[in-house]
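Q: Pasted the sequence and its predicted model underneath.
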Amino acid sequence: MDNYDYGQLREEIFAIRDSGCYNMLDIRAVQRAANYMEFYDLVVFIEENKRGYTNFIFHGEFK
């Protein structure tokens, strides 16, 4: 999980969450939303680190 700007990823996840349009546990829907919102680093992060993404959703930490 190197080479990521975790602060930026956090803000992008919050932007998708705050839209209220997506179930944050529906990983594919979140990836589509991130792509639509041009959050390309988040799309790649989720693809490469599903466990890190879900850990952030449940615990607020990228691990």
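A: Arrived safely. Numbers count the residues shown, from 1 in each chain.
Q: pLDDT weak spots in this structure?
A: 1 (pLDDT under 70).
Q: quick one: the helices in it?
A: 6-19, 27-36, 40-48, 50-59 (DSSP state H).
Q: Redo those helices as JSON lines? Include mean neighbour count.
A: Every residue, glycine included, has its C-beta placed from N, CA and C. As requested, those are exported to JSON lines (neighbours: other C-beta atoms under 10 Å):
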{"stretch": "helix 6-19", "mean neighbour count": "14"}
{"stretch": "helix 27-36", "mean neighbour count": "16"}
{"stretch": "helix 40-48", "mean neighbour count": "17"}
{"stretch": "helix 50-59", "mean neighbour count": "14"}
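Q: you'd agree residue 21 is up against residue 36?
A: No - here residue 21 does not reach residue 36: they are 10.2 Å apart, not a contact under C-beta atoms under 8 Å.
Q: which residues does the residue nearest to residue 21 when sequence neighbours are not counted contact?
A: Leaving aside its chain neighbours, residue 21 sits nearest to residue 33 (7.1 Å; criterion: C-beta to C-beta, 6 or more residues apart in numbering). If you count contacts by C-beta atoms under 8 Å, 6 or more residues apart in numbering, residue 33 has them with 16, 19, 21-22.
Q: Please identify which pair of those residues lies farthest apart.
A: 16 and 21 (8.0 Å; C-beta to C-beta).
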